[in-house]
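1. need a structure here:
(one chain, ligands or ions: 2)
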Amino acid sequence: MIVIMNHCAGQEDIQLVIDKLEQAGFRVHLSKGVERTIIGAVGDRTQINDIALEAMPGVEKVVPIMHPFKLASRVFKEEDTVVRVGNLEIGGDHIQVMAGPCAVESREQLLEAAEQVKAGGATILRGGAYKPRTSPYSFQGLEEKGLKLLAEVREITGLPVVTEVMDTSTLPLVSEYADILQIGARNMQNFFLLRQVAKVGKPVLLKRAPSATVEEWLMAAEYILAGGNSNVILCERGIKSFESYTRNTLDLTAVPVIKYLSHLPVIVDPSHAIGNWRFVGDMSRAAVAAGADGLLIEVHPNPPEALCDGKQSLTPQNFKALMAELRVIAWAVGREMEEI
Ligand code: PEP
Ligand code: MN
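-> Ligands and ions are numbered 1, 2, ... in the order given. Okay, here's the model as predicted:
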């Protein structure tokens, strides 16, 4: 449930309500808006008397949250969450584009990709050091060496990095290097990992699992929020459908639906969704038009030679051309592409 405090409520009133809720075994999360304070309380509702709670000084209203996700819900927090990564804001007026290769392959490849995506207008560098591959015989990533390269290239280009963390054993190491911790689609419901990731406190990019409903996806986000980390960015990356021509089916309906249900920023990964570079531009434009807060796009200096996902990777030239088109779409929907 949420307890909406009225505009005259003082700190003492808020504290009394928190104490009351905690005594009844609730976990309390405070959301201080411009107009009023909202206290989110997660616990067993039979343990508290709503009417008595509503009678407490400073309390305007007690509202049950009907969704199973509570902290991720717009009912709990009306204003959009803006996740800060250095000077960048994800979920604000500006659209952020995260771009780079699927996997870090070498210093030359990563540096070239980073410089080219930066020149094209990307504000965040993506690149996997640990790769969740379908086949155990495929390239699995450079692991720690890949993380070190990401850090070096961040130093040179100034681009913050987003990289995937696959398990709890590598979490401390990946956390040392990443600016944003990516939870891959295959791990979206690895609840133990989500709990541990929440403790790190760095922004988390939570990809949607290929077969997850919007509700399951928001419940996964809830694990991170309930663990005390409110910096969650959702990423739609395509779901399984009967269609086999494309790698997955990009569910763009998720963008406005998430925006309606939740305050969390949502970005779109057209590369893994459609799986073919030819259509990445079309889906990127559609995503921005649909209200996405950003994009995650695979770009490789030489896609035919890529060790991973070359088929869906844009060349730097195509990426640059796409970014010019995206600026126009962003403007048309009242947003702006971030420029650095
Ligand atoms: C990736 O972004 O490199 C990746 C593996 O994506 P997903 O988890 O969406 O398949
Ligand atoms: Mn990939």
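2. so stretch 283-290, near ligand 1 or not?
-> No - in terms of CB under 6 Å from any ligand atom, no part of stretch 283-290 sits within range of ligand 1; the closest distance is 13.9 Å. Heads up, the C-betas are built off the backbone N, CA and C, glycines and all.
3. shift numbering so it begins at 401
-> I'll keep to 401 as the first residue from here, and by that count the last item is stretch 683-690.
4. ok, residues contacting that stretch?
-> Residues outside stretch 683-690 that contact it (CB atoms under 8 Å, 6 or more residues apart in numbering): 495, 636, 650, 652, 655-656, 668, 670, 673-674, 695, 697, 722, 725-726, 729-730, 732-733, 735.
5. surely Leu550 is in a helix?
-> Yes - under DSSP: H, G, I helix; E, B strand; the rest coil, Leu550 sits within a helix.
6. quick one: contacts for it?
-> Val504, Leu510, Leu525, Gly527, Ala529, Val561, Thr563, Tyr577, Ala578.
7. swap in Ala654?
-> Arg608, Val614, Trp617, Glu636, Val666.
8. about what we covered before: okay, and which of the contacts of stretch 683-690 map to helices?
-> Val655, Pro656, Pro670, Ala673, Ile674, Leu722, Glu725, Leu726, Ile729, Ala730, Ala732 (DSSP state H).
9. give the buried subset of these as a ChimeraX selection command.
-> Here is the ChimeraX command that picks out the buried ones among the ones in helices among the contacts of stretch 683-690, judged by 16 or more other CB atoms under 10 Å:
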select :655,670,673,674,722,726,729,730
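10. contacts only, for the closest residue to ligand 1 within the chain.
-> Nearest residue of the chain to ligand 1 (CB to the nearest ligand atom) works out as Gly584 at 3.1 Å. Under the criterion of CB under 8 Å, 6+ apart, the neighbours of Gly584 are Pro532, Glu564, Met566, Lys607.
11. name the SS class of the third one, please.
-> Following three-state DSSP, the label given to Met566 is coil.
12. give me the distance between it and Met405.
-> 42 Å (CB to CB, to the nearest Å).
13. quick one, helices of the stretch 501-650 of the chain?
-> In the stretch 501-650 of the chain, the helices defined using DSSP state H, counting those that start in this stretch lie at 507-520, 544-557, 571-577, 591-600, 614-626.
14. re the thing from before, and the contacts of Leu550, which is closest to ligand 2?
-> Gly527 (9.9 Å; CB to the ion).
15. you'd agree Ala609 is up against Ala585?
-> Yes - in terms of CB atoms under 8 Å, Ala609 counts as a neighbour of Ala585; the distance is 5.2 Å.
16. report the contact partners of Lys640.
-> Lys640 touches Pro610, Ser611, Asn648, Thr649, counting by CB under 8 Å, 6+ apart.
17. make it 10 Å
-> Ala609, Pro610, Ser611, Ala612, Arg647, Asn648, Thr649 (CB atoms under 10 Å, 6 or more residues apart in numbering).
18. what's the neighbour count on the second one?
-> Taking other CB atoms under 10 Å as the neighbour definition, Pro610 ends up with a count of 18.
19. check the third one too.
-> Residue neighbour count, defined by other CB under 10 Å, stands at 12 for Ser611.
20. perfect, that will be all.
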